[in-house]
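Trainee: Give the three-dimensional model of this entry:
(chains A and B, ligands or ions: 3)
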Amino acid sequence: MTVSVPHSLDDAVRLLGEHPDAMLLAGGTDAMVEINDGHRRPNAMVIALNRVPDLRSWRHDPVSGTVTIGAGVTYTELMQEPLAELLPALAEASRTVGSPQIRNAGTLGGNLGTCSPAGDGLPVLSALDAEIRIVSSSGERTISVHDLMVGVKQTSLLPGELIAEIDLKVRAGWQGYAKVGVRNAMVIAVASACLAVDSEQRRVSIALGSVGPTVLRCADAEQQLSNAVDWTSGAVSPDAIREFGTLVSAASTPITDHRSTAEYRSHAVGVLGARLARRAFATSEGAAG
Amino acid sequence: MSNQFFTLRVNGADHEIADSWLGESLLDVLRDRAGLMGSKGACTQGECGSCSVMVDDSLVCSCLVMAATAVDQEIVTIEGVAPIGAPSDVQQAFVDAGAVQCGFCTPGLIMAVHDLLDRTSEPTDTEIREELAGNVCRCTGYGRIIEAVQQVAVQRGGAK
Ligand SMILES: Cc1cc2nc3c(=O)[nH]c(=O)nc-3n(C[C@H](O)[C@H](O)[C@H](O)COP(=O)(O)OP(=O)(O)OC[C@H]3O[C@@H](n4cnc5c(N)ncnc54)[C@H](O)[C@@H]3O)c2cc1C
Ligand code: FES
Ligand code: FES
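Mentor: Ligands and ions are numbered 1, 2, ... in the order given. Next up, the predicted model:
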């Protein structure tokens, strides 16, 4: 039998230690497409992660304000309360993924494992500065999501390592996710963005999907909008929002492919950035500028 | 590539699966090895939903489930929805509303509609469209499918 279905994280990690070339399988919504197409042939062991309780659960620590999500938590689960209220942008992004069938099977860990520039969970993890706990039979390490996503469908995971958990800080302040695609449902993003406000630190962060080799953060745009917001009233001028959109577009480095053109993508992502900023802050119509 | 032997529990009965190849999908195993031809395969990419089944009470595309990982799980296919000759309310409503033309999408849609109505007893038309976004029908234009779903919602509401 070369398909293993471990029922604990220890067993999964031990198996992976013995077979570092094993293929990990979570929801299968990326991996099985490749296998069905013949692009990928599992020739060693397959380790299924969908029956590992530690990977399928999440917890909230109100003292540290941290939510820890097991890599095997599905989009359907991320859309449900109380998780959706703690991490609204992640719930919003999850609602845009595929269909009910895909959301029931597809996991956040699988989204990271695939590391597609269009992965809908990834801009949210980036905007919220997620920390990723990686385990192997020789130990564990925790790295920033930005150090995990290194290129187009490329992570910094080493053979024998698996993603166990994703740590996210619960933030006071608005957060949301927006995506452009060719239709409303069942669509891979042509451009996407997650904006998250940290009203305590008085900072805005924005991360972009599908407009670079991997998810991009926009330092200039974040700085500009954070400075432009009147943090007492929570208002910002329409001009500042326009400028924010321009800076977001400028930060993108898209390509032209079968889904869209580079020009359209950088335009669209600026529109998404400005739209999210308008949802996050009241626009002070009468304010200077 | 080694041969695979395992047992799947489908519609309450155990099926011994022999000679499956490593990586073979649940859809292929159901159709080619368990003789359950109700689930259809069109895209094998998770796009069309014609292969939809329930695995441990969750609606999934069987083409995206690696069969050997579904051991010890309760699998329900279209064959397990209702006995032959005694259609479920959803099946009957599809017939009554004229929601079946070529019928290729129908098994997957019946699975998806049962799941939808179990979770949402009074869905709006928009909710129905969103919830059925993973089930493609090339014939009906979806209007009659939505009618069928609404018929069942009304019937079930009235039965309460
Ligand atoms: C029809 C369809 C529509 C889709 N629509 C969307 C969409 O709208 N948005 C979107 O973002 N994606 C979409 N996807 C892609 C896919 O559903 C997501 O990327 C999903 O998150 C993958 O998760 P999974 O659990 O199914 O991963 P799997 O397919 O099981 O695994 C994906 C990869 O990650 C690795 N992996 C899985 N778990 C771990 C782990 N714990 N540690 C290390 N590596 C791991 C696997 O080895 C594999 O290489 C769609 C797919 C389909 C088939
Ligand atoms: S055959 Fe599975 S979704 Fe099309
Ligand atoms: S009835 Fe023919 S595909 Fe739906």
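Trainee: which secondary structure element contains the residue in chain B positioned nearest to ligand 1?
Mentor: Residue nearest to ligand 1 within chain B: B:Gly46 (3.0 Å; C-beta to the nearest ligand atom). C-beta: built from backbone N, CA, C; applies to glycine. Secondary structure assigned from DSSP states H and E places B:Gly46 in neither a helix nor a strand.
Trainee: what's near enough to touch it?
Mentor: For B:Gly46, the contacting residues are A:29, A:32-33, A:98-99, A:101-102, B:61, B:63-64, B:134, by C-beta atoms under 8 Å, 6 or more residues apart in numbering or on different chains.
Trainee: ditto for A:Ser4
Mentor: A:15, A:22, A:45-48 are the contacts of A:Ser4 under C-beta under 8 Å, 6+ apart.
Trainee: outside of the helix or strand bottoming out on mean pLDDT in chain B, which residues touch it?
Mentor: Ranked by mean pLDDT, DSSP states H and E, the weakest helix or strand in chain B is strand B:3-10, scoring a mean of 88. The contact list for strand B:3-10 (C-beta under 8 Å, 6+ apart) reads A:1-3, B:14-22, B:24, B:26, B:29-30, B:34, B:36, B:67-68, B:70-77, B:80.
Trainee: Restricted to buried residues, select the residues you listed in ChimeraX.
Mentor: Remark: buried members of these, expressed as a ChimeraX selection using 16 or more other C-beta atoms under 10 Å in any protein chain shown:
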select /A:2,3 /B:15,17,20,22,24,26,29,30,34,36,67,68,70,71,73,75,76,77,80
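Trainee: List the ones among the contacts of strand B:3-10 that fall in helices.
Mentor: Among these, the ones falling in helices (DSSP state H) are B:Leu26.
Trainee: so where's the chain uncertain?
Mentor: By default, I'm working from chain A. By pLDDT under 70, the low-scoring segments of chain A are A:1, A:285-289.
Trainee: That was the other one, I meant chain B.
Mentor: In chain B, residues with pLDDT under 70: B:1-3, B:158-160.
Trainee: go again using 50 as the cut-off
Mentor: Judged by pLDDT under 50, chain B has its weakly predicted residues at B:1.
Trainee: picking up where we left off before, what are the buried residues along the least confident helix or strand of chain B?
Mentor: Residues B:4, B:6, B:8, B:10 are the ones in strand B:3-10 that count as buried (16+ other C-beta under 10 Å).
Trainee: Include distance to A:Leu225 when you put those into a markdown table, please.
Mentor: Below are the buried residues of strand B:3-10 laid out as a markdown table (distance: C-beta to C-beta, whole Å):
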| residue | distance to A:Leu225 |
| --- | --- |
| B:Gln4 | 55 |
| B:Phe6 | 55 |
| B:Leu8 | 53 |
| B:Val10 | 54 |
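Trainee: Show me what counts as buried in stretch A:257-275.
Mentor: A:259-260, A:265-275.
Trainee: okay, now the domains of the chain?
Mentor: As the question left the chain open, I've gone with chain A. A:2-48+A:60-169, A:175-280 (automatic domain parsing).
Trainee: nope, chain B
Mentor: If you go by automatic domain parsing, chain B breaks into B:6-79, B:89-159.
Trainee: Now do the host helix or strand of B:Gln91: everything it contacts.
Mentor: Assigned by DSSP H and E, B:Gln91 belongs to helix B:89-97. Helix B:89-97 is contacted from outside by B:81-82, B:87, B:99-100, B:106, B:109-110, B:113-114, B:117, B:144-145, B:147-149, B:151-152, B:155-156, using C-beta under 8 Å, 6+ apart.
Trainee: List the buried residues in the helix or strand just after that helix.
Mentor: Following helix B:89-97 in sequence order, the next helix or strand is helix B:106-119 (DSSP H and E). For helix B:106-119, the neighbour count (16+ other C-beta under 10 Å) marks B:106-117 as buried.
Trainee: And stretch B:127-145, by the same measure?
Mentor: Within stretch B:127-145, the residues scored as buried using 16+ other C-beta under 10 Å are B:128-137, B:140, B:142, B:144-145.
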